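> I would like the atomic coordinates for the input below:
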Amino acid sequence: MKQNSTPFDAAEYDKQIKMTLPFYEEMVQQIVDIVKLFHLQSLRWLDVGCGTGKMARTALDNFDIKKMVCIDVEKEMLERAEAFCNGDKVEFLQCDVRDLPYQGMFDIATAVQVNHYFKKAARTTAIKKCYDALEENGIYISFENFAPGSEEGKRLYLEHWKQFQIANGKTEEEADSHIKRYGYSYFPVTISESIELLKNCGFRMVEILWVSYMQVGLLARK
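Numbers count the residues shown, from 1 in each chain. As a prediction, this is how the structure comes out:
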């Protein structure tokens, strides 16, 4: 079985993500704000791990989208996203990012909370597939959980994240269960390791876009 293939309940996902992930909507808005600075027209946009369509819908509402392709490994997620994004500019593909069939087709590729589910070799493949899917000068933006640089930092940051979840409606047991997924259900690397990997995959420019709690946004250009 491939990594990141655990089934999700799509309706529950929308509820749980706001209880689990600090500033999820802010992440999406950061992507919109930075893409606007490039002043691109008639965008061709690839959204990897589209979930229930939040990123795609926001892009459609803010940009002149010539073509939008949303991929996810979960059929139910794609069905939710399709209902949310209804429009003939959007194509939905059930696909693992490591099997992306595209070459030089997109101006923008986004991957929100996707890459940390892969171990190093698979993560490299996933990022390289997105690199290949972009045209020259194409923009890649990812948000992912990151690993602190020390055990002390990890304990502190995980406790901070746990308290966020409790404050936003989870029981202590639910929050603790989620925090214990670190290193077992997802495989974060440090921010510097993520930057190095993007450069090794061929991106000529890599910058930190946003950091909060244990999530980082990275901006790269082909």
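> Nearest the geometric middle of this structure, what residue?
residue 112 (1.4 Å; Cα atoms, centre = their mean).
> what's the single longest strand in this protein?
When the chain is parsed with DSSP state E, its longest strand is strand 134-145.
> Now that strand: buried residues?
Neighbour counts over strand 134-145 (16 or more other Cβ atoms under 10 Å) mark 134, 138, 139, 140, 141, 142, 143, 144, 145 as buried. (Glycine included, C-beta is placed from N, CA and C.)
> Please apply the same query to stretch 69-80.
Residues of stretch 69-80 classed as buried by neighbour count (16+ other Cβ under 10 Å): 69, 70, 71, 72, 73, 74, 77, 78, 79, 80.
> Kindly check the end-to-end length of that stretch for me.
Taking Cα to Cα, to the nearest Å, stretch 69-80 runs 14 Å from one end to the other.
> For stretch 132-140, what does the pLDDT average out to?
Stretch 132-140 carries an average pLDDT of 98.
> which residues touch it?
Residues from elsewhere that reach stretch 132-140 (Cβ atoms under 8 Å, 6 or more residues apart in numbering): 35, 38, 44, 46, 100, 102-111, 127, 130-131, 198, 203, 219-222.
> How far does that stretch sit from its chain's centre?
Stretch 132-140 sits 16 Å away from the centroid of its parent chain (Cα atoms, centre = their mean, to the nearest Å).
> Among the buried residues of stretch 69-80, name the ones in strands.
Among those, DSSP E puts 69, 70, 71, 72 in strands.
> so the third one touches residue 95, yeah?
Yes. Contact status for residue 71 versus residue 95: in contact at 4.6 Å, counting by Cβ atoms under 8 Å.
> Show me which positions of the longest helix seen in the chain end up buried.
Counting residues, the longest helix found in the chain (DSSP state H) is helix 151-167. Buried residues in helix 151-167, counted by 16+ other Cβ under 10 Å: 154, 157, 158, 161, 162, 164, 165.
> residue ranges with poor pLDDT in this protein?
Scanning the chain for pLDDT under 70 picks out 1-12, 14.
> where along it do the helices fall?
Counting by DSSP H, the helices of the chain are 10-20, 24-36, 54-62, 75-85, 120-133, 151-167, 172-179, 191-200.
> Export those to a markdown table and append columns for distance to residue 210.
Shown next, in a markdown table, are the helices of the chain (distance: least, Cβ to Cβ, whole Å):
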| stretch | distance to residue 210 |
| --- | --- |
| helix 10-20 | 17 |
| helix 24-36 | 5 |
| helix 54-62 | 14 |
| helix 75-85 | 23 |
| helix 120-133 | 18 |
| helix 151-167 | 16 |
| helix 172-179 | 21 |
| helix 191-200 | 11 |
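> among those, which is nearest residue 212?
Residue 212 sits nearest to helix 24-36 of all the helices of the chain, at 7.9 Å, using Cβ to Cβ.
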